[in-house]
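Chemist: sequence plus the predicted model coming up.
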Amino acid sequence: TFFCFDLAFCSLSSFSDCVVLDCVQKGRPFHLCSLLLQYHEPELCSFLDTKKITPDSYAINWLGSLFASHCLAPVTQALWDNYLQQGDPFLVFFLMLVILVNAKESILSQEATSREEMMKMLEESPALLETEDVEDLISLAQYYYSKTPLSLRKENQNLFGSSLVALKEEDMDLSQALCLPVSVPEILQANQHQQDGVRFFVVDCRPAEQYNAGHLSTAFHLDSDLMLRNPSEFALSVKSLLEAQKQSLESGSVASGEHLCFMGSGREEEDMYMNMVLAHFLQKNKEYVSIAKGGFMALQQHLVDMNIEGLDSSYLHWIVSTSGSHSSLSSADGESLGGPGDAKGVKSLVNKMTFALKSKSVNVKEKMISFIENTATPVDRMSFTLPWHVSSNDRVGKPYRGVKPVFSIGDEEEYDTDEIDISSTSDDDRKEIINLQTWTNKPDVKHHIPCDEVKETGHMFPSHLLVTATHMFCLREIASRKGFAYIQSRQALNSVVKITSKKNQVHSFLFALPSALCC
């Protein structure tokens with residue numbers, strides 16, 4: 001029974017606007033739910049992950065019936081009336097979020113409960129709603145909506161029934177996203193205007209030489225290479241970053257933002273360490289963590305596009321150089337697109353915070369706070385030259401050659417600083433396709449462990465580890481060919497340098513290998 005049939009046609013083009021597509025096991029809506037829960041409630045998300053409980057295991061009927069499957073008729077009627085009046089189908093994801101948040105304490109207190117019992121309890125959560133709860137439920141959903149990047153809505157219009165937006169080939173696979181992706185235009189617009197909505201504290205994780213050559217004027221620099229090269233300095237940098245974020249919020253700086261957004265170069269080869277940094281923050285249950293979609297390359301391209309379209313030249317002020325050098329903003333074909341000269345400097349607050357962070361003085365914290373309070377000195381503006389088109393096959397230098405990759409996971413604030421010398425080897429059979437059943441049933445296979453492969457981009461792929469008496473194989477499932485997999489790596493067991501795990505995450509292991517990282 002559709003209680004609000006007439007209202008649906010008044011506030012939405014048709015009731016199909018509310019119908020969520022792909023509402024099946026492992027469907028896109030549920031990957032979006034996971035990212036949303038991780039963004040706002042990382043502790044709860046992590047807890048459910050350890051139980052291997054995903055949204056599609058308890059919320060399929062929530063989405064499929066707009067909660068009618070579990071709510072009493074009067075509650076459903078009130079909920080639909082309010083939901084349809086909002087005219088925004090994405091609100092359903094935030095209704096789901098609020099229901100989970102409301103049950104958070106109950107969920108976390110039942111660690112000993114079995115997975116099946118936990119899923120049943122979660123699925124029946126909407127049944128506890130009463131008619132008088134609906135107004136508060138809608139209000140809380142709107143609050144969480146206001147604290148979420150708009151990219152969530154703009155990038156996922158194709159989730160609903162009447163959407164004319166087709167799923168494009170270049171759209172990100174949400175199942176592989178490490179955290180919520182945010183578009184570059186939203187990052188610029190959010191911090192350009194003083195508003196009550198989402199504002200981003202941008203963390204540039206590129207190598208120092210790239211950051212110094214040109215960066216977003218409000219970006220804080222955190223060299224992700226430090227995580228492997230100098231863990232103790234990395235820990236100090238993270239603490240300084242969080243302190244800088246706190247102080248910038250208190251001072252009302254243009255660089256301030258409650259939401260952390262990590263920016264890489266946009267090249268897979270260079271962003272692998274940034275994704276380790278992302279994983280570090282997520283592991284600490286840090287809320288409001290996102291990633292700039294496309295990285296610095298997307299920022300460059302967006303600014304070039306804005307200049308080509310003849311928009312305000314103030315867009316050029318977004319990219320600055322720590323050295324104060326200048327060049328012209330150019331398109332890929334080299335045509336100059338430069339605007340006026342040095343008429344206006346950019347007050348790059350976080351640029352100065354980065355200099356303070358790199359200082360060897362014991363007064364690093366005091367310097368950073370003083371920089372936050374004094375933003376009078378401008379940083380020279382520069383226009384940035386857009387490089388050639390970069391594909392995944394390009395190799396732009398070897399920024400990490402010679403670095404000894406030590407990545408150990410210990411206690412909460414402990415870092416293993418032992419150096420490990422790993423020689424890189426190539427795997428010519430990386431793309432060999434095999435039959436999973438045939439390989440797992442081979443007589444020489446001692447152990448078969450279903451797992452996830454962590455790619456350099458931070459994406460996770462369903463995979464399998466096969467262990468023989470002498471070798472370990474990492475096989476990645478092929479989504480389009482059920483039962484088949486790629487051989488991602490084959491390693492001699494005596495080449496495994498180290499296997500580590502956190503004490504509070506006994507089911508997660510990190511293998512230090514010569515040419516691959518599977519866990």
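Modeler: Yes, it's here.
Chemist: only C-alpha atoms for contact and neighbour calcs from this point on.
Modeler: OK.
Chemist: now residue 287: how far from residue 107?
Modeler: In this view, residue 287 and residue 107 are 19 Å apart by CA to CA, to the nearest Å.
Chemist: over to residue 213?
Modeler: Going from residue 213 to residue 107 by CA to CA gives 48 Å.
Chemist: again with residue 487
Modeler: In terms of CA to CA, residue 487 sits 39 Å off from residue 107.
Chemist: looking at these two, which is more packed in?
Modeler: Comparing residue 487 with residue 107 by other CA atoms under 10 Å, the one with more neighbours is residue 487, at 21 against 18.
Chemist: report the secondary structure state of the more buried one.
Modeler: Three-state call for residue 487 (DSSP: H, G, I helix; E, B strand; the rest coil): strand.
Chemist: surely it touches residue 439?
Modeler: No. At 10.8 Å, residue 487 does not count as touching residue 439 under the criterion of CA atoms under 8 Å.
Chemist: how about the strands in the chain?
Modeler: Under the criterion DSSP state E, the chain carries strands at the ranges 180-182, 200-204, 215-216, 220-221, 259-263, 289-292, 319-320, 433-435, 447-454, 460-467, 471-477, 484-492, 498-500, 510-512.
Chemist: run me through the strand neighbours of the first one, direction for each.
Modeler: Right, strand 180-182. strand 289-292 (parallel) (DSSP bridges).
Chemist: likewise the third one?
Modeler: Counting by DSSP bridges, the strands paired with strand 215-216 are strand 319-320 (antiparallel).
Chemist: and if you look at the fifth one?
Modeler: Here strand 259-263 has these sheet partners by DSSP bridges: strand 200-204 (parallel), strand 289-292 (parallel).
Chemist: pick the most buried one from the ones you listed.
Modeler: Among the strands paired with strand 259-263, ranked by average contacts under mean count of other CA atoms under 10 Å, first place goes to strand 200-204 (a mean of 26).
Chemist: residues touching that one, excluding its own?
Modeler: With contacts defined as CA atoms under 8 Å, 6 or more residues apart in numbering, strand 200-204 is touched by 187, 190-191, 211, 215, 218-223, 245, 255-264.
Chemist: any low-confidence regions in the stretch 351-500 of the chain?
Modeler: The stretch 351-500 of the chain contains residues with pLDDT under 70 at 351-431, 455-458.
Chemist: in stretch 132-139, which residues are buried?
Modeler: For stretch 132-139, burial by neighbour count (16 or more other CA atoms under 10 Å) applies to 134, 137-138.
Chemist: which ChimeraX command selects the buried ones in the contacts of strand 200-204?
Modeler: A single ChimeraX command selects the buried members of the contacts of strand 200-204 (16+ other CA under 10 Å):
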select :187,190,191,211,215,218,219,220,221,222,223,245,255,256,257,258,259,260,261,262,263,264
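Chemist: spit out the contact partners of residue 61.
Modeler: 67, 69.
Chemist: give me the pLDDT for it.
Modeler: pLDDT for residue 61: 90.
Chemist: which residues touch stretch 434-454?
Modeler: For stretch 434-454, the external contacting residues (CA under 8 Å, 6+ apart) are 460-469, 474, 476, 483-487, 517-519.
Chemist: buried ones among the residues you listed?
Modeler: Taking 16+ other CA under 10 Å as the criterion, what is buried in these is 460-468, 474, 476, 484-487, 517-519.
Chemist: could I get the buried residues of stretch 132-139 in JSON lines, plus columns for distance to residue 294 and pLDDT?
Modeler: Listed next are those as JSON lines, based on distance: CA to CA, whole Å; pLDDT from 0 to 100:
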{"residue": "134", "distance to residue 294": "39", "pLDDT": "93"}
{"residue": "137", "distance to residue 294": "35", "pLDDT": "94"}
{"residue": "138", "distance to residue 294": "34", "pLDDT": "93"}
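Chemist: re earlier: got CSV for the strands of the chain, with distance to residue 74 too?
Modeler: Output for the strands of the chain, formatted as CSV (distance: least, CA to CA, whole Å):
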stretch, distance to residue 74
strand 180-182, 35
strand 200-204, 41
strand 215-216, 52
strand 220-221, 51
strand 259-263, 38
strand 289-292, 38
strand 319-320, 55
strand 433-435, 53
strand 447-454, 44
strand 460-467, 42
strand 471-477, 46
strand 484-492, 49
strand 498-500, 53
strand 510-512, 51
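Chemist: and of these, who's closest to residue 35?
Modeler: Closest to residue 35 of the strands of the chain, according to CA to CA: strand 180-182, at 5.7 Å.
Chemist: so which of the buried residues of stretch 132-139 is the closest to residue 197?
Modeler: Checking the buried residues of stretch 132-139 against residue 197 by CA to CA gives residue 138 as the nearest, at 18.1 Å.
Chemist: quick one: the closest one from residue 159, how far?
Modeler: 21 Å.
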